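Undergrad: The following block contains a protein sequence and its predicted model.
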Amino acid sequence: MTALSEGQMAVFKGVIKGHTNRVIAQSLGVAEKTVKAHITAILKKRRCKSRCELIVAHYTGARS
């Protein structure tokens, strides 16, 4: 499994908490477009097709 960058990890934590892209962007002081790019990279690295799948995988340990 490829490790997440610092920015990706910050976005990942927001996604896991159920925050919207806008809320994550505001809390990190970045553009929503940056958050979307990080989410795309996270999904690819975690081999998930959606944000929902990412959250489920995180809590169940279904993907690594």
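TA: Happy to help now that I have it.
Undergrad: from here on, contacts and neighbour counts on C-alpha atoms
TA: OK.
Undergrad: Please identify the helix or strand for the nearest residue to residue 48 once chain neighbours are set aside.
TA: Closest residue in space to residue 48, ignoring its immediate chain neighbours: residue 54 at 5.7 Å, by C-alpha to C-alpha, 6 or more residues apart in numbering. Here residue 54, judged by DSSP states H and E, is contained in helix 51-60.
Undergrad: Could you give the number of residues near the residue nearest to residue 48?
TA: Using other C-alpha atoms under 10 Å, residue 54 is surrounded by 23 other residues.
Undergrad: ok, so what distance separates it from residue 29?
TA: To residue 29, residue 54 is 23 Å away according to C-alpha to C-alpha, to the nearest Å.
Undergrad: re the thing from before, isn't the residue nearest to residue 48 right next to residue 46, touching?
TA: Yes. Residue 54 is within contact range of residue 46, at 7.4 Å (criterion: C-alpha atoms under 8 Å).
Undergrad: any idea how far the residue nearest to residue 48 is from residue 14?
TA: Taking C-alpha to C-alpha, one finds residue 54 at 12 Å from residue 14.
Undergrad: what's near enough to touch residue 62?
TA: residue 56 (C-alpha atoms under 8 Å, 6 or more residues apart in numbering).
Undergrad: For it, which three-state class applies?
TA: Under DSSP: H, G, I helix; E, B strand; the rest coil, residue 62 falls in the coil class.
Undergrad: likewise residue 8?
TA: Criterion first, three-state DSSP; result for residue 8: helix.
Undergrad: quick one, what contacts it?
TA: Residue 8 neighbours (C-alpha under 8 Å, 6+ apart): 38-39, 41-42.
Undergrad: filter the residues you listed to the buried ones?
TA: 38-39, 42 (16 or more other C-alpha atoms under 10 Å).
Undergrad: In a markdown table: these, plus pLDDT, secondary structure and distance to residue 9.
TA: Listed next are those as a markdown table, based on pLDDT from 0 to 100; DSSP: H, G, I helix; E, B strand; the rest coil; distance: C-alpha to C-alpha, whole Å:
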| residue | pLDDT | secondary structure | distance to residue 9 |
| --- | --- | --- | --- |
| 38 | 98 | helix | 9 |
| 39 | 98 | helix | 10 |
| 42 | 97 | helix | 9 |
